[in-house]
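Participant: What follows is a protein structure lacking sequence information:
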Ligand code: TZP
Ligand code: MG
């Protein structure tokens, strides 16, 4: 994948939205996001048919706009929606298994410390999600804050691997993440809760 696709990576599920997720995605696309991840997860998340149904609509919007559509965790959902890629965490389905079943798909992997990095099949993934950059209240089981310094460490070890920072990122601190060497910033609440989304995405 082109590293620049990660530049403004919007992550969202219905549980993050206080209005229609489709209209939030539409607005975010119009504002200039470069990538989207459907992450229907945590308290209040949709399940079953409702999750698939919303996924279909979000997927369609991204296809129409030419925005990469990534599914978090759920390999079956990824498959049914014919998503462009899948993002997994350390305790999700194994990268080895996904790669052998989907040789050409985009795989993103979260790494939050050195141990995770050392134990990861980095050669099999297309990009790394690194974080949390800052304190976040969006993911209740987030790992301890690693900060932009963590981006530097990952990039030093894997200079050619596309890297996106995540966790507590907003227009006021995104620059530090990019300065540390990240190819982009992944955000949830800075966009879903934005009063002026167009200006937030532009500043990011
Ligand atoms: N992974 C690490 S932190 C985080 C995820 C999914 C939550 C990011 O949400 P926000 O609102 O951008 O801090
Ligand atoms: Mg996960």
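Facilitator: Arrived safely. Remember, it's a predicted structure, so these values are computed and weren't measured experimentally. Numbers count the residues shown, from 1 in each chain. Ligands and ions are numbered 1, 2, ... in the order given.
Participant: Grab the nearest non-local neighbour of residue 71.
Facilitator: residue 78 (4.0 Å; C-beta to C-beta, 6 or more residues apart in numbering). Bear in mind the C-beta positions are built from the backbone N, C-alpha and C, glycine included.
Participant: Please report how far that neighbour lies from residue 72.
Facilitator: From residue 78 across to residue 72, the span is 9 Å (C-beta to C-beta, to the nearest Å).
Participant: where do the contact lists of the two overlap?
Facilitator: Common contacts of residue 78 and residue 72 (C-beta atoms under 8 Å, 6 or more residues apart in numbering): residue 86.
Participant: a helix runs through residue 37, doesn't it?
Facilitator: No. Counting by DSSP: H, G, I helix; E, B strand; the rest coil, residue 37 is not found in a helix; it is strand.
Participant: which SSE is the residue of the chain most remote from its centre in?
Facilitator: For the chain, the residue at maximal distance from the C-alpha centroid (C-alpha atoms, centre = their mean) is residue 49, at 22.7 Å. Secondary structure assigned from DSSP states H and E places residue 49 in helix 48-65.
Participant: ok, residues contacting the very next helix or strand once past that helix?
Facilitator: Going down the chain from helix 48-65, the next helix or strand is strand 68-72, by DSSP H and E. For strand 68-72, the surrounding residues in contact (C-beta under 8 Å, 6+ apart) are 1, 5, 11, 13, 34-41, 55, 58-59, 62-63, 77-78, 81, 83-88, 106, 108.
Participant: Now strand 68-72: average pLDDT?
Facilitator: The average pLDDT for strand 68-72 rounds to 98.
Participant: What strands line up against that strand, and which way round?
Facilitator: Sheet pairing of strand 68-72 (DSSP bridges) gives strand 35-38 (parallel), strand 85-88 (parallel).
Participant: tell me the most buried of those?
Facilitator: Highest mean neighbour count of the strands paired with strand 68-72: strand 35-38, a mean of 26 (counted as mean count of other C-beta atoms under 10 Å).
Participant: what about residue 141, is that helix, strand or coil?
Facilitator: The three-state label given to residue 141 by three-state DSSP is coil.
Participant: So which bits of the chain are right by ligand 2?
Facilitator: 73, 89, 92 (C-beta under 5 Å from the ion).
Participant: Adding neighbour count, write those residues out as CSV.
Facilitator: Below are the residues of the chain next to ligand 2 laid out as CSV (neighbours: other C-beta atoms under 10 Å):
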residue, neighbour count
73, 17
89, 16
92, 16
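Participant: Pick out whichever of these sits closest to ligand 1.
Facilitator: Using C-beta to the nearest ligand atom, residue 89 comes nearest to ligand 1 of the residues of the chain next to ligand 2, at 7.9 Å.
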